[in-house]
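Engineer: I need the structure of the sequence given here:
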Amino acid sequence: MSRLDSIRYITLPKSMEEKITGFAIDSSIPIPVQLPDGHTSLDVDKVTLESIVAGMLVVIAYKENDRNIGYYRDFVLAAQPNAVEELNTAAIAKEHQKDYPFAEQLFLTVYHMLPQSASCINLATLYSSWAVYEKDQKDDKAEEFYLTKCLNTLEDGLERFGENEDILAELGSLHTYLGNLEEAQGYLERYMKVAEDGEKRQKLKKMLKDVTLRLDSDQEIRQAYDFMMLDEEDKALEAIEKFIAANPTVWHGHFIKGWALRRLKRYAEAEEELVKCISCGESNADIYNELSICALEKGDRELAKSYLDTAVDLDEDNLTLASNLAFLHLMDDEFDEAKEWIEKCRLLAPEDRQVKAMMEEYSAKTGEEFGQVVRQEYVHDPSADEHGHHHHDDECQCGHDHHHGDEDDDDGYAEELAAMAEDEETR
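Structural biologist: Have a look, this model is predicted:
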């Protein structure tokens with residue numbers, strides 16, 4: 001059901017035309033009112049200013065082309081001068097709570113009430129987060145739907161605000177993540193023409209260099225990656241060696257080589273190649289997760305934990321990384337740390353089989369049971385800038401790191417954890 005279905009229209013009497021100080025009410029304009037929850041008809045005698053403002057906010061969110069939209073916007077701001085700031089704060093909280101439909105309404109309202117690049121990017125970032133959530137739910141159609149909405153929102157912002165460097169950065173980053181390298185190159189080149197000097201520009205310059213290189217040498221990288229997907233590590237190594245010979249300072253080649261060597265159980269060589277990725281200037285969660293697997297297989301559990309700590313810092317909502325770290329602490333009887341990370345995993349995926357297995361193992365070892373999942377409430381993001389943009393200024397928010405390994409293989413500890421769960425069942 002559309003949220004507009006909860007709206008009814010009334011006409012205010014002329015006697016109310018002086019009700020809001022500093023705002024001239026026009027009694028000839030129909031006023032949207034939001035029905036109370038569970039109601040299908042409107043009791044005119046119970047209409048309040050709050051229900052009128054709520055109705056206007058729904059119309060502003062979902063009927064931006066309504067002929068009276070300017071009047072409704074001015075009405076709301078006269079009634080609630082801090083409405084935009086309050087709505088933005090509420091939207092951020094709802095996004096953190098994964099209440100995406102409500103967050104969408106709030107961000108849409110902010111974007112339509114105060115159109116600017118920051119509110120455009122906030123809305124696009126919501127759709128990006130929503131797409132990631134649907135990906136985790138294995139809903140490919142929904143993931144594609146929200147990625148498309150993310151792209152459409154950014155493209156709409158570019159039409160509204162022209163060659164805006166922040167929006168161009170987001171589009172370049174997102175297309176890079178999606179593998180649309182020619183589109184990414186185009187947006188990043190446009191960004192470089194208008195961006196101010198600074199750390200962000202340097203990051204995007206590096207991204208453009210990587211994208212251009214991938215376009216030039218994409219065939220070799222793609223061939224090596226395809227061999228990895230076919231479990232033909234030796235052929236992948238042969239292909240990637242040619243790439244590395246021509247591009248020794250490009251981290252992608254060293255990562256694929258390290259990944260292949262790790263799969264071949266040549267852990268010391270794999271670790272050496274993965275460290276080269278860092279030497280080339282790249283630092284992402286996939287690299288450190290692979291390093292942790294190598295360290296674990298070489299018998300250095302403390303180093304494995306250290307690598308995983310770094311990986312989680314780089315990708316804090318990654319269930320695989322968090323569960324790997326929880327598992328290592330649990331196996332080493334480091335119960336305080338184990339519980340902390342198990343609780344983190346429960347927040348990310350309370351019904352996950354491996355998470356439940358770790359909970360059972362923890363309880364068996366300590367005698368302590370787990371309570372209900374406690375979710376942290378967010379009311380405000382301190383990184384919000386003066387425009388209400390709730391993400392770090394120096395990062396592209398709609399882009400994501402490429403995951404270079406297949407999920408079933410790269411979790412590293414899945415088989416050991418499954419064995420642990422089976423042992424628990426037979427006790």
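
Engineer: Tell me how far residue 212 lies from residue 34.
Structural biologist: Per Cβ to Cβ, to the nearest Å, residue 212 is found 51 Å from residue 34. C-beta coordinates here come from the backbone N, C-alpha and C atoms, glycine included.

Engineer: So if I had to pick from these two, which one is more boxed in?
Structural biologist: Using other Cβ atoms under 10 Å, the more surrounded residue of residue 212 and residue 34 is residue 34, with 22 against 15.

Engineer: who's the more buried one bridged to?
Structural biologist: Bridge pairing for residue 34 (DSSP bridges) gives the partners residue 7.

Engineer: What separation do you get for it and residue 83?
Structural biologist: Applying Cβ to Cβ to residue 34 and residue 83 gives a distance of 15 Å.

Engineer: go on, residue 35?
Structural biologist: Residue 35 is 21 Å from residue 83, by Cβ to Cβ.

Engineer: now the residue nearest in space to the middle of the chain, what's its secondary structure?
Structural biologist: Nearest residue to the geometric centre of the chain (Cα atoms, centre = their mean): residue 129, 3.7 Å. Following DSSP: H, G, I helix; E, B strand; the rest coil, the label given to residue 129 is helix.

Engineer: How about it: what's its closest non-neighbour residue?
Structural biologist: residue 95 (6.3 Å; Cβ to Cβ, 6 or more residues apart in numbering).

Engineer: Same check on residue 289?
Structural biologist: Residue 289 sits nearest to residue 311 (Cβ to Cβ, 6+ apart), 4.8 Å away.

Engineer: just residue 157 next, same as before
Structural biologist: residue 120 (3.4 Å).

Engineer: Equivalent analysis for residue 91, please.
Structural biologist: Nearest non-adjacent residue to residue 91 (Cβ to Cβ, 6+ apart): residue 106, at 3.5 Å.

Engineer: where does the stretch 301-427 of the chain have low pLDDT?
Structural biologist: 374-427 (pLDDT under 70).

Engineer: Do you have the helices of it handy? List them.
Structural biologist: 301-314, 319-331, 335-348, 353-366, 407-410, 414-425 (DSSP state H, counting those that start in this stretch).

Engineer: need these in TSV with distance to residue 207 and mean neighbour count, can you?
Structural biologist: Listed next are the helices of the stretch 301-427 of the chain as TSV, based on distance: least, Cβ to Cβ, whole Å; neighbours: other Cβ atoms under 10 Å:
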stretch	distance to residue 207	mean neighbour count
helix 301-314	16	19
helix 319-331	23	24
helix 335-348	28	18
helix 353-366	34	18
helix 407-410	23	12
helix 414-425	32	14
